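Undergrad: Have a look at this prediction, sequence included:
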Amino acid sequence: MITAVGDRLRSAWHAAGRITGTPLLVRAGVFLSMLLALALAVPAEFLAARQFGLMAALALLPAIGPRRTWTTVVTLVAVGAWLFFSTASDLPIEPWRLLGLAGALYLAHALSGLAALLPYDAVVDPSVPARWFGRAAAVVLVGAVAGLGLLAVAGLPVPRGGLLATVAGAAVAAGLAALLRWLVHRR
């Protein structure tokens, strides 16, 4: 038993020494998007340093093991936290938080799929993650615009700042993807 644990630790240490930039950046994207999703699921009034540390530890699990079920588990934790706090508290549901949560979860899902395909020591053309991120950002943009449109059709209040911030954020994400693509192809 102890030798098996030691073998796993040596294997993990050896793999960490061989990691390349692109898989590391993709896994960092998984971590950041999961952390953002968890932070948006909990209202700021209930967020403390201890909970944020737990969120960071939870967000790290899918980044380390994207081929395992951690992405699903952390997604379910974020959705469960959203449902709990939106039903248990008297705070109003803010559309920008809901759209941000949905976008962050989709981005985490898409990046986890890419991270699961990339070995730690893969040498990858930068255009691959740039295209992957560009498609994911386009889906988030279309989803946010459609979601806000459905809110308007349903007669629910659409916050002006939320709509503007959502569209501006999605435009910045699409612009960054286009810039990355241009930088890759200018050679």
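TA: The structure has been received and is ready for your questions. Quick caveat, the model's predicted, so the values are computed rather than measured.
Undergrad: can we go C-alpha only for contacts and neighbour counts from here?
TA: Fine.
Undergrad: Now do the SS call for the residue sitting nearest the centre point of the chain.
TA: In the chain, the centroid-proximal residue (C-alpha atoms, centre = their mean) is residue 33; its distance is 2.3 Å. Classification of residue 33 using DSSP: H, G, I helix; E, B strand; the rest coil returns helix.
Undergrad: Now do it against residue 97, distance only.
TA: Distance from residue 33 to residue 97, counting by C-alpha to C-alpha, to the nearest Å: 14 Å.
Undergrad: one step back: let me know the pLDDT of the residue nearest to the centre of the chain.
TA: Note for residue 33: predicted pLDDT of 94.
Undergrad: who's in contact with it?
TA: 104, 105, 107, 108 (C-alpha atoms under 8 Å, 6 or more residues apart in numbering).
Undergrad: closest to residue 4 among those?
TA: Nearest to residue 4 among the contacts of residue 33, counting by C-alpha to C-alpha, is residue 108 at 31.5 Å.
Undergrad: isn't the closest one right next to residue 28, touching?
TA: No - counting by C-alpha atoms under 8 Å, residue 108 sits too far from residue 28 to count as a contact (10.2 Å).
Undergrad: Which one's more surrounded, the two?
TA: residue 108 (29 against 18; other C-alpha atoms under 10 Å).
Undergrad: Return the distance of the residue nearest to residue 81 when sequence neighbours are not counted relative to residue 126.
TA: Using C-alpha to C-alpha, 6 or more residues apart in numbering and skipping residues adjacent in sequence, the residue nearest residue 81 is residue 41, 5.7 Å away. Going from residue 41 to residue 126 by C-alpha to C-alpha gives 32 Å.
Undergrad: now residue 49
TA: Residue 49 is 36 Å from residue 126, where distance means C-alpha to C-alpha.
Undergrad: Between those two, point out the one with more neighbours.
TA: Neighbour totals were compared for residue 49 and residue 126, and residue 126 leads with 15 against 8 (other C-alpha under 10 Å).
Undergrad: what residues are up against that one?
TA: Contact partners of residue 126, counting by C-alpha under 8 Å, 6+ apart, are 22, 184.
Undergrad: Any stretches of the chain with poor pLDDT?
TA: Residue ranges of the chain with pLDDT under 70: 1, 12, 14-18, 150-180, 187.
Undergrad: ranges for the helices of it?
TA: Remark: helices assigned in the chain by DSSP state H are 2-18, 21-41, 49-64, 70-88, 95-117, 127-154, 160-185.
Undergrad: Against which helices or strands is the third one packed?
TA: I take that to be helix 49-64. helix 21-41, helix 70-88, helix 95-117 (3 or more C-alpha pairs under 8 Å, 6 or more residues apart in numbering; DSSP states H and E).
Undergrad: Alright, calling it a day.
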